[in-house]
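In: sequence and predicted model, in that order:
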Amino acid sequence: MASANATNVKVYYDSAPIEKDKVFTVAFWAKLDAAEGNKREVTLYAQTSNVSPNLFFNKDIVLDSTEWKEYIATFIAPKDVEGNIWIGFLVGISDVDFWIDDFRFFEGGPTDEIKTAETVVSPSGKLPATWGGIKALR
């Protein structure tokens, strides 16, 4: 059900330096619950996390896929921001469920992202177990 409190998803960045006139990017993957809808609006925002929050980025984004899709938003910092910041989503205006993964915030445009090699997880040399097998050991 939709909430009256629209500020309920945030990512905290400790001492993220934001310099005026520099480009910053927020990128993430998202998908909608197919049973609940194929379109949902969220507002992506950035603000300081001090006692008097200072909003310095605000953009509406339409999530429009029930499959994983990457969403990218760039902005030019309107002023210098020092200290800790929140990057968040205003999500309380809709009750369509969605998932977010691989959330990134960095200086520069989308092509400036520094990507690391993917981590490959291998069960080699590990003892496989199932929940039923663990319960049976009691």
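Out: Now that the structure is in, tell me what you want to look at.

In: dump the residue contacts of the closest residue to residue 77 other than its chain neighbours.
Out: Nearest residue to residue 77 in three dimensions, chain neighbours excluded: residue 18, at 4.9 Å (Cβ to Cβ, 6 or more residues apart in numbering). Bear in mind the C-beta positions are built from the backbone N, C-alpha and C, glycine included. For residue 18, the contact set (Cβ atoms under 8 Å, 6 or more residues apart in numbering) comprises 24, 46, 56, 77, 80-82, 85.

In: any of the residues you listed buried? List them.
Out: 24, 46, 56, 77, 81, 85 (16 or more other Cβ atoms under 10 Å).

In: run through the residues that contact the fourth one.
Out: To tie it back to what came earlier, the one meant is residue 77. 18-24, 56-57.

In: look at residue 67 and tell me its secondary structure.
Out: Under DSSP: H, G, I helix; E, B strand; the rest coil, the three-state class of residue 67 is coil.

In: mind listing what it touches?
Out: residue 31.

In: look up how far residue 42 lies from it.
Out: Using Cβ to Cβ, to the nearest Å, residue 67 is found at 17 Å from residue 42.

In: tell me what the residue nearest to residue 77 is bridged to.
Out: residue 81 (DSSP bridges).

In: ok, residue 30 next?
Out: Residue 30 forms beta bridges with residue 69, residue 100, as assigned by DSSP bridges.

In: helices of the chain, residue ranges please.
Out: In the chain, the segments counted as helices under DSSP state H are 131-136.

In: from the buried ones among the contacts of residue 18, which land in strands?
Out: Among the buried ones among the contacts of residue 18, the members found in strands (DSSP state E) are 24, 46, 56, 85.

In: bridging residues for the second one?
Out: Beta-bridge pairing of residue 46 under DSSP bridges involves residue 57, residue 87.
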